[in-house]
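>>> Below: sequence and its predicted model.
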Amino acid sequence: QKEVEQNSGPLSVPEGAIASLNCTYSDRGSQSFFWYRQYSGKSPELIMFIYSNGDKEDGRFTAQLNKASQYVSLLIRDSQPSDSATYLCAVGSNYQLIWGAGTKLIIKP
Amino acid sequence: GAGVSQSPSNKVTEKGKDVELRCDPISGHTALYWYRQSLGQGLEFLIYFQGNSAPDKSGLPSDRFSAERTGGSVSTLTIQRTQQEDSAVYLCASSPNHYEQYFGPGTRLTVT
């Protein structure tokens, strides 16, 4: 059974601080990794993807991948109240995405 | 460009009735997925279409659920003899490459 694990939270972070969201996966053969953001009552929105070990930066977001440890993370710098949402980690496997249950992030003004 | 669209946005139906949910994917996207999300829960995979290949139906929860994709574009998810446990948001996503999935706004189904 291929699994993706995330801490359900809520993770509470002060405005302006760095939010760190973590995800582990079980399928060592996975090659593609995704972060989606889901606001309450809305559908998931793709915000970052990473395929290679290391860091990938896009604006205030940085995705980090460590395939040896089967670990992927999302850092959000200068957190804003508008970043408050549930963040879903997804791992590509056999033409589908294996989804984590999501981490609820709350940015406190 | 236009994103994924779904209709209806909300559907209230009586237990035992059949419902059809529609998804219009992004033009040119060959892969199409249906998911279900109950309140406060994660995404539950239902079915996957890729081009003209046979769909992956491994996530359908019962034989009351079926889906088709016509002409490699529009997809319809049909639930027969609806039950209260079918109440959820049904999400459709399309993808140019299986993994970068772009979601529609969903259909909220309520079975009374």
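Perfect, thanks for sending it.

>>> Which helix or strand in chain B has the lowest average pLDDT?
Lowest mean confidence among the helices and strands of chain B (mean pLDDT, DSSP states H and E): strand B:44-50, at a mean of 94.

>>> Quick check: next helix or strand after it?
strand B:65-69 (DSSP states H and E).

>>> name the helices or strands packed onto the least confident helix or strand of chain B?
Applying 3 or more CB pairs under 8 Å, 6 or more residues apart in numbering or on different chains; DSSP states H and E, one finds that strand B:44-50 makes contact with strand A:96-99, strand B:31-37, strand B:65-69, strand B:75-79. The C-beta positions use only the backbone N, C-alpha and C, and glycine is treated the same way.

>>> buried set for the third one?
Counting neighbours by 16 or more other CB atoms under 10 Å in any protein chain shown, one finds that the buried residues in strand B:65-69 are B:65, B:67, B:69.

>>> ok, and what's touching the helix-or-strand element of chain A with minimal mean pLDDT?
Least confident helix or strand of chain A, by mean pLDDT, DSSP H and E, is strand A:96-99 with a mean of 90. Strand A:96-99 is contacted from outside by A:2-4, A:25, A:27, A:30, A:34, A:88-92, B:33, B:42-43, B:45, B:48, B:56, B:98-99, B:101, using CB atoms under 8 Å, 6 or more residues apart in numbering or on different chains.

>>> taking these one by one, which sit in strands?
In this view, the contacts of strand A:96-99 that belong to strands under DSSP state E are A:4, A:25, A:34, A:88-92, B:33, B:45, B:48.

>>> Give me the neighbour count for residue 104.
The chain I'm using is chain A. Close neighbours of residue A:104, defined as other CB atoms under 10 Å in any protein chain shown, add up to 18.

>>> my bad, chain B
Count around residue B:104 with other CB under 10 Å applied: 22.

>>> that older thread, can you dump the C-alpha atoms of the least confident helix or strand of chain A in PDB for me?
In PDB, the C-alpha atoms belonging to strand A:96-99 read as follows (Å, rounded to 0.1, in the frame of the first residue of the first chain):
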ATOM      1  CA  GLN A  96      -1.800   8.700 -10.600                       C
ATOM      2  CA  LEU A  97      -1.200  10.900  -7.600                       C
ATOM      3  CA  ILE A  98      -1.100   9.400  -4.100                       C
ATOM      4  CA  TRP A  99      -2.500  12.100  -1.800                       C
END
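
>>> what does chain A put close to chain B?
When proximity is defined by CB under 8 Å from any CB of the partner chain, chain A lies next to chain B at A:32, A:34, A:42-46, A:49, A:88, A:90, A:92, A:95-97, A:99-102.

>>> Report the mean confidence score over stretch B:96-110.
Mean pLDDT, computed over stretch B:96-110, is 93.

>>> Report whether that stretch contacts chain A.
Yes. Residues of stretch B:96-110 contacting chain A under CB under 8 Å from any CB: B:98-106.

>>> What about these, which are in helices?
Within the residues of stretch B:96-110 next to chain A, no residue falls in helices by DSSP state H.

>>> residues from chain B in reach of chain A?
Counting by CB under 8 Å from any CB, the residues of chain B close to chain A are B:31, B:33, B:41-43, B:45, B:48, B:50, B:56, B:91, B:98-106.

>>> No further queries at this time; thank you.
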